[in-house]
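>>> Below is the structure, and that's it, no one-letter string:
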């Protein structure tokens, strides 16, 4: 059984509980053993580092040290978390910086040795679980669905930090997953752009114009739904969708799925268990299309 | 020699017509995209318009969108572009009006530098040095990345904020402003930090999407520069704005619970002080959050936010210890920095 140090992130344990429950359901089906890092802190999401970059690095060094101590690979389920973890890991390759940061971990009896390789569930599905295993688990291919990928910035940029050269499959991981699960990918310009969430409280109009225009573009290209590995994107694209529609003056009705929800649907897991009834944009039409 | 298909986005201003046109080009190994554009212009269609000059990634003229991402066409080989999309699609830069084919009007991009006053403002009351204004090597090393900009506009072209807001200063002008904030020969550091954090379209409007870092052909790291400007602006006391309040509220929530505090964040971002003193604009902003909160309630999410999961008790204890340690360490550094500052002032004679 494959075992992971599991960091769910704050949003999966807060405003997007359906991401958390669907992750656990899918992991159980796939025989993945997830050991949740209960004592770990928020990654800071690039917001703590706005004023205190050093503090954010300490918090993330601590989380990565925990996974080292457990001798388990670190798994994130949020584009922002995995990006911030990897940026911290990159900075902490500098030995002198690591020594300085480790002073703050010593009282807890842990040390970051610099070996962590944080990965997103989406990558782990393709890199560890593998296409064959996923194929063997599919009970209900999603052939009826046209799905638009929505990545979330930190899982596609900066490419150097994400090690795209060594792992070229990470460039189009969502398209690959959509393809494996039997659905059709709808490509559109906005799919690797910013959802606007980071500036929702600082510049709401700009934020919702971004969300709205990507949704409108995907919808007009025939997407039945979007699928995203980022719960922050999910908040702006799903929970804010009615407001985004007003800001861009278009009619929008596009369900937004989390990656494990899509996996779960194809594996025949009950939609209620996947939290598909807990979205702001109703998923009923989508489920009807699949006949569930 | 192999044949390669290019799909070029064309625009004819005389007829106001936009269309895509396909060209097949015989490509040599190692050939650049710009070589291919020249080949098309010289051998197939002399009316194709694009900017170019040095062909050595120095002049910054030939930035275009290649398979959706902005880059210098003289710096990119055809093989590399094909890996990211075949046929290779070339279009004009984004976020600016197209003049003809692959040529855009860069006026708006250049105006942002004027707005941010990105030139040296020396100390007026100081005798000019005999030879040159000197900068310490270790100081320059810290920000030299931001000094290598060639004003090609690739970052602005891919900027997700510039796409929705003409007012945004943009990555290049902000990185250039950072370069002067960091330069010890510049006398306007404080004024710059205040302007950049308070003006509309300043540092707090960046989404942190990394598009500019990815697009920049010279590793200027514009976004990193913007993030450091935020830290410097907060340290300089420019905290009466949404961005700084958002940072403070976010960090405060994590210190307390080990995790993001979604319930309190909107209130903190709007500003508890502004709300308590009855500022109408602040209350209006809070009202804007109400429909969203009702939707979350309906989708049974608000309940789980209320029961939101913090870090374990042991975890929280350690997280608070770390916050406190870093905070007190910072004060020690401030004392060190003051001592360094005094020494530095003596060295340069009074500033």
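Happy to help now that I have it. Every value quoted in this text rests on a predicted model; they were computed, and no experiment measured them.
>>> Please name the residues that touch residue A:67.
Applying Cβ atoms under 8 Å, 6 or more residues apart in numbering or on different chains to residue A:67 gives the contacts A:5, A:37, A:73, A:74, A:116, A:118. All C-beta spots, glycine's among them, are computed from the backbone N, C-alpha and C.
>>> Who are the contact partners of residue B:48?
Residues near residue B:48 by Cβ under 8 Å, 6+ apart: B:8, B:10, B:37, B:40, B:41, B:101, B:102.
>>> Which one of the residues you listed is nearest to residue B:255?
Among the contacts of residue B:48, residue B:102 lies closest to residue B:255 (Cβ to Cβ), at 50.8 Å.
>>> Pretty sure that closest one sits against residue B:66.
No. At 10.7 Å, residue B:102 does not count as touching residue B:66 under the criterion of Cβ atoms under 8 Å.
>>> how about the contacts of residue A:67 in JSON lines, adding secondary structure and pLDDT?
Formatted as JSON lines, the contacts of residue A:67 follow (DSSP: H, G, I helix; E, B strand; the rest coil; pLDDT from 0 to 100):
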{"residue": "A:5", "secondary structure": "strand", "pLDDT": "98"}
{"residue": "A:37", "secondary structure": "coil", "pLDDT": "98"}
{"residue": "A:73", "secondary structure": "coil", "pLDDT": "98"}
{"residue": "A:74", "secondary structure": "strand", "pLDDT": "98"}
{"residue": "A:116", "secondary structure": "coil", "pLDDT": "98"}
{"residue": "A:118", "secondary structure": "coil", "pLDDT": "98"}
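>>> Format the residues you listed as a markdown table; extra columns: distance to chain B and neighbour count.
Converted to a markdown table, the contacts of residue A:67 look like this (distance: Cβ to the nearest Cβ, whole Å; neighbours: other Cβ atoms under 10 Å in any protein chain shown):
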| residue | distance to chain B | neighbour count |
| --- | --- | --- |
| A:5 | 14 | 23 |
| A:37 | 8 | 22 |
| A:73 | 20 | 17 |
| A:74 | 16 | 25 |
| A:116 | 18 | 23 |
| A:118 | 17 | 25 |
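>>> so where's the chain uncertain?
Picking chain A for this. For chain A, residues meeting the criterion pLDDT under 70 lie at A:1.
>>> nope, chain B
Ranges of chain B meeting pLDDT under 70: B:263-265, B:300, B:302-307, B:333-351.
>>> For the stretch 1-150 of chain B, just list every one of the helices.
B:33-43, B:78-83, B:107-115, B:137-143 (DSSP state H, counting those that start in this stretch).
>>> from chain B, which residue is nearest to chain A?
Distances between chain B and chain A by Cβ to the nearest Cβ are smallest at residue B:315, namely 3.0 Å.
>>> Can you pull the residues of the stretch 101-250 of chain B lying near chain A?
Contact residues (Cβ under 8 Å from any Cβ of the partner chain) of the stretch 101-250 of chain B with chain A: B:160-161, B:163-165, B:204-211, B:213-214, B:227, B:230-231, B:234-235, B:242-244, B:246-248, B:250.
>>> Try it again at 7 Å.
B:160-161, B:164-165, B:204-205, B:207-211, B:213-214, B:227, B:230-231, B:234, B:242-243, B:246-247, B:250 (Cβ under 7 Å from any Cβ of the partner chain).
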